[in-house]
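Q: With the sequence up front, the predicted model follows.
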2 protein chains.
Amino acid sequence: MSGGEVITADLDPASDRPVYKQIADHLRAAITRGRLHEGDQLPSEAELMERYGVARMTIRNAIRLLEGEGLVTAEHGRGVYVRSRPPVKRLASDRFARRHRKEGKAAFTVEAEQAGSTPEVDLIRVSESRPPAEIAGRLKLGDGDTVIVRSRRYLLDGRPVETAVSYIPADLARGTPISKPNPGPGGIYARLEEQGHTLDRFTEDVTARMPTPEEARLLSLSPGVPVFRLVRTAYDLGGRPVEVCDTVMAADAYMLSYELPAH
Amino acid sequence: MSGGEVITADLDPASDRPVYKQIADHLRAAITRGRLHEGDQLPSEAELMERYGVARMTIRNAIRLLEGEGLVTAEHGRGVYVRSRPPVKRLASDRFARRHRKEGKAAFTVEAEQAGSTPEVDLIRVSESRPPAEIAGRLKLGDGDTVIVRSRRYLLDGRPVETAVSYIPADLARGTPISKPNPGPGGIYARLEEQGHTLDRFTEDVTARMPTPEEARLLSLSPGVPVFRLVRTAYDLGGRPVEVCDTVMAADAYMLSYELPAH
DNA sequence: GAGTGGTCTAGACCACCAC
DNA sequence: TGGTGGTCTAGACCACTCT
């Protein structure tokens, strides 16, 4: 059926390398050398058991290894397939430039449409509370201060790609639509600038790690796909931090692009 | 021995959730709620088998799940431990500013010493060859053009954290120490500027993924630790790309920090 | 219904570590 | 030497998908 001929090498009984790793090596080589392409189905567990003359768990261990490397995904009842790389969205370092903010649309929406994708936002929740210590520190808030918390999820062409939680000091948001689910045209940055907090610069701190089960669920992540955690702080012309945005992004959906001066 | 009392909940036989996932949930909760701290040992497989009354493979599946999430590491012959987060090196967006380049030291060395760490560089190799297509495109090179390829590995306090491969157009490197293992004080950027290629700006493209087995070996990565791939291109004042540096970094060792203008 | 992967059992032997 | 995790076997039953 699904191409037992893609594997050419035999096991080396003399090798110290465990059998399941040798099998994973064969399958990995078949993928990286192009004998198996994106979307191709791997031989079934039964076929591989026969091919190598080993028990089922040995085959499953080999496949689990490749799954953890992000090379294949197993689909219950269907088979194991070579993972296809989804199109990557490139986030340019000028994506929050003011000229992109004048259209009355949020950055995510503008960018997605320019790339020919369909953007969606869901799971919008807004509340007011005490911020976590890390956020309070970034916003330079005192002990009793509260923030407006805006959380939402972004999707591209139906696929969830990013969750985001924004924290805005409550005193900046009062009397504005910032504390409403729909903050109006241009998003919260437009509202902050209307309040006299003209934006000057942003900092972004980027880390990467494996997702929590909750994040994997919200972003429909396959095994072997890490996430970016990107924490952006917006400063006004007075140097005051006016928003912190804590985002978790499917790492296989993004390329982050930055420009650095040499002087 | 190692605290069977850290797990409080029992299995729910009525639940659809597989037993090994329920066990993983219990252990994960013990970690995230602070009943198990960084470096603590989990109960042994034998203890957990008795505690839950299940077979060994069920326990091992639970632990493998947590390993893949980066929460624990199993050490052969010793036990399973809650992963301790190593200190993170913060890469600031001004790390290639000219003022940091005047000391006669490379960026990695300067930064590490400022942070109180001991930097090392090893596995240095230099050669000349045709660049991969992706690199040739970034350097705007033609078909026959060759590049100097400089690869090396960086370590902090003895731990490997990053591999890097630099590509410099061969015509810029001829007659300079750029094609020698030791390029001299200030590194290759200093040499390029001496040749009249004053640096103007850099771009960095950042992605994240799970490591290949080769990368995991070179960086001594535990299961559940992704890597950053950071491709930096250096441009001179004439807008010509003069170097591309392709780096793979242990994601648990770095925070990438960038500054974005709002205008 | 046939074929796929997902879960689980009950053993065996081995390799590594600490005492 | 005893305890730890690593590999492997040979089964069983289940859940999902496609036809």
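A: That came through, no problem.
Q: Just the terminal-to-terminal distance for stretch A:10-22.
A: Stretch A:10-22 has its terminal residues 9 Å apart, counting by C-alpha to C-alpha, to the nearest Å.
Q: Domain-wise, how is chain A divided?
A: The record's domain split for chain A, according to automatic domain parsing, is A:4-82, A:89-256.
Q: deepest of these, which one?
A: domain A:89-256 (a mean of 17; mean count of other C-beta atoms under 10 Å in any protein chain shown). For the C-beta atoms, the positions are set from N, CA and C on the backbone; glycine is no exception.
Q: does it come close to chain B?
A: Yes: using C-beta under 8 Å from any C-beta of the partner chain, domain A:89-256 reaches chain B at A:90, A:93-94, A:96-98, A:199-213, A:223-228, A:234, A:251-252, A:254-256.
Q: rewinding a little: can you redo the domains of chain A as CSV with mean pLDDT and distance to B:Ile63?
A: As requested, these are exported to CSV (pLDDT from 0 to 100; distance: least, C-beta to C-beta, whole Å):
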stretch, mean pLDDT, distance to B:Ile63
domain A:4-82, 94, 13
domain A:89-256, 91, 15
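Q: Nearest to DNA strand D, out of those?
A: The closest of these to DNA strand D is domain A:4-82. By C-beta to the nearest atom of the strand, the value is 2.3 Å.
Q: Contact residues of chain A facing DNA strand C?
A: By C-beta under 7 Å from any atom of the strand, the residues of chain A that approach DNA strand C are A:1-2, A:42, A:44-47, A:56-57, A:60, A:74-80.
Q: try it again with 6 Å
A: A:Met1, A:Ser44, A:Glu45, A:Ala46, A:Ala74, A:His76, A:Gly77, A:Gly79, A:Val80 (C-beta under 6 Å from any atom of the strand).
Q: hang on, the earlier thing: in helices, which of the residues of domain A:89-256 next to chain B fall?
A: A:Pro213 (DSSP state H).
Q: Give the closest residue to the residue in the stretch 1-150 of chain A that chain B sits nearest to in space, chain neighbours not counted.
A: Closest contact between the stretch 1-150 of chain A and chain B, by C-beta to the nearest C-beta, is at A:Gly70 (4.6 Å). In space, and not counting its chain neighbours, A:Gly70 is closest to A:Gly224: 3.4 Å by C-beta to C-beta, 6 or more residues apart in numbering or on different chains.
Q: for A:Ser84, same thing?
A: A:Glu38 (4.0 Å).
Q: Provide the secondary structure category for that neighbour.
A: coil (DSSP: H, G, I helix; E, B strand; the rest coil).
Q: Contact partners for the nearest residue to A:Glu113 once chain neighbours are set aside?
A: Distances taken as C-beta to C-beta, 6+ apart place A:Pro119 nearest to A:Glu113, at 6.7 Å, with adjacent residues excluded. Applying C-beta atoms under 8 Å, 6 or more residues apart in numbering or on different chains to A:Pro119 gives the contacts A:Phe108, A:Thr109, A:Ala112, A:Glu113, A:Tyr154, A:Leu155, A:Leu156.
Q: Name whatever forms a beta bridge with A:Pro119.
A: On the basis of DSSP bridges, A:Pro119 is bridged to A:Leu156.
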